[in-house]
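Chemist: Could you work out the structure for the sequence below:
(one chain, ligands or ions: 2)
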Amino acid sequence: MNHKREGYLTWDEYFMGVAMLSGMRSKDPNSQVGACIVSDDNKILSMGYNGFPKGCSDDEFPWAREGEPLDTKYLYVTHSELNAILNYRGGSLEGAKMYVTLFPCNECAKAIIQAGIKTLVYDCDKYASTPSVLASKRMLDSAGVRYYQYKRTGREISLTV
Ligand SMILES: O=c1[nH]c(=O)n([C@H]2C[C@H](O)[C@@H](COP(=O)(O)O)O2)cc1CO
Ligand SMILES: [Zn+2]
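Modeler: Ligands and ions are numbered 1, 2, ... in the order given. You can find the predicted model right below:
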C-alpha cells in the first residue's frame, strides 16, 4: 500500500484549529479569541489568547463590558494577537503568518505590522464596521500585510481528554 491517507487536516484547518483551541483558554465571558503564529514553512512559533497580564488575577480584575472604564475589562485585557507576539521568545517573526479567530483591532494591527508578520488568516469579523477594525485594515493594506478569511470546512474535530 503506497497511498497516503485521505481526509487529513489542511494547513489552514490545523493552524486555525490550534488558534481556536488556544482561545478556549480565555476567561472572557463574551469573546474568546485565540491566535497562532506560524513560520513561512508551516512550523508553529507561538500562541496566545485574550487575558489579563501576568499577576493580574482573573478573579480580581473586571470582565464587565460596560460601566466605568476602570471597572471594565478593556483597559486591562491583553489581546490574543499581542500575547502571541509577546509569547514568542525565539527571535524574529519577520515573514511569519498569524491565524486568529477574530479580526485584529487597530492596536494589534500595529503590533502585527511592526513584528514583520506578512500574512493574516482570520475567522470571525464581527466588528468589521467599527473604527478600530476599519483603521486596522487601512494600516494592514498600507503595510502590505496580506489577509484572507478562513474558509470553514465544516469538519468536526473532537478531542476527548
Ligand atoms: O483583536 C482582538 N483580539 C482580542 O483578543 N480581543 C479580545 C479583547 C476582549 O477580551 C474581547 C473583546 O470583548 P467584547 O467582544 O466583549 O467587546 O476580545 C479583541 C479584539 C478586537 O477585535
Ligand atoms: Zn487587538
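
Chemist: Going by C-alpha atoms from here, please, whenever you check contacts or count neighbours.
Modeler: Noted.

Chemist: burial measure for the residue nearest to Ala128 when sequence neighbours are not counted, as a count.
Modeler: Spatial nearest neighbour of Ala128, excluding adjacent residues (C-alpha to C-alpha, 6 or more residues apart in numbering): Leu134 at 6.8 Å. Using other C-alpha atoms under 10 Å, Leu134 is surrounded by 15 other residues.

Chemist: and Leu134, what helix or strand is that in?
Modeler: In this structure, Leu134 sits in helix 131-143 according to DSSP states H and E.

Chemist: Next one: that helix, is it in contact with ligand 1?
Modeler: No: taking C-alpha under 6 Å from any ligand atom as the criterion, helix 131-143 and ligand 1 are apart, separated by no less than 6.8 Å.

Chemist: Would you mind listing what in this protein touches ligand 1?
Modeler: Residues of the chain lying close to ligand 1 (C-alpha under 6 Å from any ligand atom) are 28, 30-31, 33, 50, 65, 77, 79-80, 102-105.

Chemist: remind me which residues of the protein are low pLDDT?
Modeler: For the chain, no stretch has pLDDT under 70.

Chemist: my guess is Val100 is in a helix, correct?
Modeler: No: secondary structure of Val100 (DSSP: H, G, I helix; E, B strand; the rest coil): strand, not part of a helix.

Chemist: I figured it hits Gln32, correct?
Modeler: No: using C-alpha atoms under 8 Å as the test, Val100 is too far from Gln32 to be in contact (10.9 Å).
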